[in-house]
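[1] Structure, please.
(one chain, ligands or ions: 2)
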Amino acid sequence: MTLRAPLRISGITELPPSAAGMRIGLFGGSFNPIHEGHQLVIEETLRRLQLDAVWVMVTPGNPLKNHAELAPLAGRVTAARALLTDPRVRVTGFEAAYGFTYSWQTIRFLTKAMPDRRFVWIMGADNLVDFHRWERWRDIAAMVPLAVYVRPGSSRLAPASRAGIALSRYRVDEEDASRLANLPSPAWVYLHGRQSPLSSSAIRARRRRETAK
Ligand SMILES: Nc1ncnc2c1ncn2[C@@H]1O[C@H](COP(=O)(O)OP(=O)(O)OP(=O)(O)O)[C@@H](O)[C@H]1O
Ligand SMILES: O=C(O)c1ccc[n+]([C@@H]2O[C@H](COP(=O)([O-])O)[C@@H](O)[C@H]2O)c1
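    Ligands and ions are numbered 1, 2, ... in the order given. Down below sits the predicted model:
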């Protein structure tokens, strides 16, 4: 399915029409709340993968997580837009509007709708550790290259994880990260560099403690 009409995705409709060949990082997340660790991953992947854009996709809800503490989508999108001011970064909550629960649905939709873009899925190392639990994770790896960014607590676990081992033969040296977006899938890179110890769960826990005082 190639779209004939311009694709309307909230937050990213202002993309230039001449976007063929654009390298776009897809950074999905709960962002509950957004923090500087997310910003660091975006900055590093933009630079090292030589991406033209990163689309921050605020999920209606990670299918593997309990949603009891999940803030409303609109507020998470607004907070992400306030923090992420680089003009190459677009924030959208479009998965909710399209009824997508699983990332394979989003990725299949985008790659079919915009076959002339080069999409890369971006995730922190903790997500690779759990990747084998994602719905159709092997299909995801076959649809788009993956960029995995090191994260404190998961740096050694990630390449030794079930998905890390299953995909090990497709791993690209991080010195070649700038080529990743143009490589056929499966292909993935494990990026090491500046690290942030921040996590949304720690921020939420701190806020709870402050409210309880
Ligand atoms: N400090 C960090 N360093 C590297 N990657 C990160 C970091 N924080 C989050 N990420 C990555 O950003 C994406 C979105 O993460 P998410 O919104 O779940 O934040 P989180 O801090 O992991 O939240 P929580 O603590 O609630 O699980 C995921 O791919 C995650 O791996
Ligand atoms: O598709 C799945 O099965 C799946 C399982 C776990 C997480 N995801 C996606 O992974 C992204 C990161 O989620 P999170 O909660 O770790 O920020 C976000 O876009 C989720 O929707 C997707």
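[2] Please make it C-alpha for all contacts and neighbour counts, starting now.
    OK.
[3] Tell me where the chain has helices.
    Per DSSP state H, the chain carries helices over the ranges 36-48, 73-83, 94-98, 103-113, 125-130, 137-143, 157-160, 162-166, 200-212.
[4] Which residues in the fourth one does the neighbour count mark as buried?
    Applying a neighbour-count criterion of 16 or more other CA atoms under 10 Å, one finds S103, W104, Q105, T106, I107, F109, L110, T111, A113 buried in helix 103-113.
[5] Let me know the closest of the residues you listed to R88.
    L110 (18.0 Å; CA to CA).
[6] which ones are touching the residue minimising distance to the centre of the chain?
    Nearest to the mean C-alpha position of the chain, by CA atoms, centre = their mean, lies F27 at 1.9 Å. For F27, the contact set (CA atoms under 8 Å, 6 or more residues apart in numbering) comprises I42, V54, W55, V56, M57, W121, I122, M123.
[7] pretty sure the first one contacts V54?
    Yes. With contacts counted by CA atoms under 8 Å, I42 reaches V54, the gap being 7.1 Å.
[8] how far away is the nearest residue to R171 once chain neighbours are set aside from ligand 2?
    In space, and not counting its chain neighbours, R171 is closest to W188: 4.9 Å by CA to CA, 6 or more residues apart in numbering. As judged by CA to the nearest ligand atom, to the nearest Å, W188 and ligand 2 stand 16 Å apart.
[9] Specify the beta-bridge partners of W188.
    L146, R171 (DSSP bridges).
[10] quick one on the thing from earlier: of the buried residues of helix 103-113, closest to ligand 1?
    S103 (11.9 Å; CA to the nearest ligand atom).
[11] can you tell me how far the residue nearest to the centre of the chain sits from ligand 2?
    On the measure of CA to the nearest ligand atom, F27 and ligand 2 end up 7 Å apart.
[12] R204 now?
    14 Å.
[13] before we move on, what about G93?
    10 Å.
[14] Tell me who's in contact with that residue.
    S10, G11, M57, V58, T59, P60, L73, A74, V77.
[15] go again using 10 Å as the cut-off
    G93 is in contact with 9-11, 28, 56-60, 73-74, 76-78, counting by CA atoms under 10 Å, 6 or more residues apart in numbering.
[16] same deal with Y98?
    Per CA under 10 Å, 6+ apart, neighbours of Y98: I9, Q105, T106, F109.
[17] Nearest residue to the first one in space, please, no chain neighbours.
    With CA to CA, 6+ apart as the criterion, I9 has its nearest non-adjacent residue at 6.0 Å, and that residue is F94.
[18] my guess is that neighbour contacts V58, does it?
    Yes. At 7.9 Å, F94 counts as touching V58 under the criterion of CA atoms under 10 Å.
[19] more neighbours, these two?
    Using other CA atoms under 10 Å, the more surrounded residue of F94 and V58 is V58, with 25 against 19.
[20] mind checking how far the more buried one is from ligand 2?
    7 Å.
[21] Show me what that residue bridges to in the sheet.
    G29.
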